[in-house]
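A.B. asks: Only the shape, not the letters, is given here:
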């Protein structure tokens with residue numbers, strides 16, 4: 001089938017349809033309030049993206065439980081006020097013919113002690129060291145069950161807010177990814193050991209959401225296909241086997257955070273692209289979304305031709321919240337590095353600019369660069 005970016009997409013199991021295949025990726029922006037409430041600036045920027053033509057928007061990694069926070073301006077979905085804030089996102093999406101989801105998250109070993117009042121938690125204990133100054137505390141059985149409930153309750157709040165679904169963040173060395181990683185998960189109980197046991201936490205959350213919410217509510221899962229940054233233990237073979245398990249759990253899509261959607265498989269130079277390997281591994285059992293260097297119409301088209309069903313636009317959307325409108329009309333896109341003055345005009349706050357400025361090549365030092 002010839003897939004086109006401006007072609008609609010049907011989530012068959014949920015009975016929901018996207019007007020196109022362009023998705024706003026869940027972007028860290030540091031704009032939420034200190035208590036996790038979504039801020040006015042954050043909601044306004046998401047509304048701008050809804051008006052900009054994306055078929056689906058996924059809000060940034062959002063806390064489900066105290067203790068899992070990774071950055072100061074991280075949103076949360078644990079209170080009535082936070083639910084009411086995200087209800088506005090749902091309304092803006094509906095008004096612009098888009099679907100809106102929220103990404104549910106716990107930082108795991110990456111949670112910041114200064115923001116959480118203590119050491120991070122993970123599947124297994126780790127001694128204090130350079131990477132983890134306070135060490136890592138192993139979750140107890142009761143804490144794991146409480147964590148599952150926290151994810152499910154956050155999904156219920158998302159549904160109550162009128163959002164169309166949730167994405168479970170099991171990538172990038174965060175908690176759900178920690179459990180999947182055999183180098184970090186050294187448990188000898190039902191939550192560790194075999195792939196099925198290491199995936200038990202993630203699958204229990206999926207099943208809990210499915211048991212308590214209508215089938216029209218979308219559930220997606222974000223995965224890293226390979227090891228992330230300097231952290232080892234995530235292999236492509238493991239992740240594709242996991243994809244097979246998840247496809248049996250009535251999820252609506254898998255979102256692979258590729259880093260570069262067009263790179264070769266790590267350690268397998270000359271034998272094909274990562275996208276091809278992921279596409280063949282998923283084998284059409286569940287819709288496939290990919291993120292990573294989806295910058296313009298050409299790269300989006302290459303990803304769709306290579307097997308993706310949906311493409312998630314990340315850094316390109318920072319300076320182009322109207323990315324889909326521009327691409328549809330063959331209008332030029334603003335290119336990074338983006339001028340800070342431009343980003344301010346688009347609604348990013350000072351805290352957001354501080355964070356975005358720490359990412360290589362995203363914010364220009366020369367204010368004239370990046371503006372059209």
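C.D. replies: That came through fine. For clarity, every value in this text was computed on a predicted model and none was experimentally measured.

A.B. asks: Could you use CA atoms for every contact and neighbour count after this?
C.D. replies: OK.

A.B. asks: Let me see the ranges of the strands in the chain.
C.D. replies: Under the criterion DSSP state E, the chain contains strands at 9-11, 16-18, 22-24, 56-63, 99-105, 121-122, 137-138, 165-170, 218-223, 253-257, 288-291, 310-313, 338-339, 363-364.

A.B. asks: okay, these in TSV with mean neighbour count and distance to residue 231 next?
C.D. replies: Shown next, in TSV, are these (neighbours: other CA atoms under 10 Å; distance: least, CA to CA, whole Å):
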stretch	mean neighbour count	distance to residue 231
strand 9-11	16	34
strand 16-18	17	35
strand 22-24	28	26
strand 56-63	25	20
strand 99-105	27	19
strand 121-122	25	14
strand 137-138	18	18
strand 165-170	25	14
strand 218-223	24	14
strand 253-257	24	15
strand 288-291	26	20
strand 310-313	28	24
strand 338-339	24	30
strand 363-364	22	27
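
A.B. asks: so can I have CSV of the ones you listed showing distance to residue 157?
C.D. replies: Putting the strands of the chain into CSV (distance: least, CA to CA, whole Å) gives the following:
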stretch, distance to residue 157
strand 9-11, 22
strand 16-18, 20
strand 22-24, 21
strand 56-63, 12
strand 99-105, 10
strand 121-122, 24
strand 137-138, 28
strand 165-170, 10
strand 218-223, 14
strand 253-257, 21
strand 288-291, 24
strand 310-313, 24
strand 338-339, 35
strand 363-364, 35
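
A.B. asks: Of those, give the one that comes closest to residue 324.
C.D. replies: strand 22-24 (7.0 Å; CA to CA).

A.B. asks: which other helices and strands contact that closest one?
C.D. replies: strand 56-63, strand 310-313 (3 or more CA pairs under 8 Å, 6 or more residues apart in numbering; DSSP states H and E).

A.B. asks: Neighbouring strands - and their directions - for it?
C.D. replies: strand 56-63 (parallel), strand 310-313 (parallel) (DSSP bridges).

A.B. asks: So what touches that strand?
C.D. replies: 5-6, 49, 54-58, 310-314, 317, 324 (CA atoms under 8 Å, 6 or more residues apart in numbering).

A.B. asks: Equivalent analysis for stretch 306-315, please.
C.D. replies: 3, 21-27, 275-276, 279, 287-295, 300, 303-304, 362.

A.B. asks: so where is the protein shaky, pLDDT-wise?
C.D. replies: Where the chain drops to pLDDT under 70, the residues are 1, 269-271, 365-372.

A.B. asks: any idea where the helices of it begin and end?
C.D. replies: 40-51, 80-95, 113-116, 141-160, 175-180, 195-198, 200-212, 236-247, 274-282, 297-305, 315-319, 323-328, 340-345, 350-357 (DSSP state H).

A.B. asks: which parts of the third one are buried?
C.D. replies: For helix 113-116, the neighbour count (16 or more other CA atoms under 10 Å) marks residue 113 as buried.

A.B. asks: Next: the last one.
C.D. replies: The neighbour-count check on helix 350-357 (16+ other CA under 10 Å) flags 352-353, 355-357 as buried.

A.B. asks: Domain-wise, how is the protein divided?
C.D. replies: With domains defined by automatic domain parsing, the chain comprises 9-327, 334-372.

A.B. asks: Would you tell me which of the strands of the chain gets closest to residue 208?
C.D. replies: For residue 208, the closest of these is strand 218-223, at 11.1 Å, according to CA to CA.

A.B. asks: residues in contact with that closest one?
C.D. replies: 14, 164-172, 177, 206, 239, 251-257.

A.B. asks: and that strand, how far out from the chain's middle?
C.D. replies: Computed by CA atoms, centre = their mean, to the nearest Å, the chain-centroid distance of strand 218-223 equals 8 Å.

A.B. asks: again with stretch 218-229
C.D. replies: 8 Å.

A.B. asks: and what of stretch 268-287?
C.D. replies: That offset, for stretch 268-287, works out to 20 Å (CA atoms, centre = their mean).

A.B. asks: In it, which residues are buried?
C.D. replies: Using 16+ other CA under 10 Å as the test for burial, stretch 268-287 gives 273-279, 281-282, 286-287.

A.B. asks: Please enumerate residues in contact with that stretch?
C.D. replies: 225, 240, 243-244, 247, 251-254, 258, 261-265, 288, 303, 306-310.
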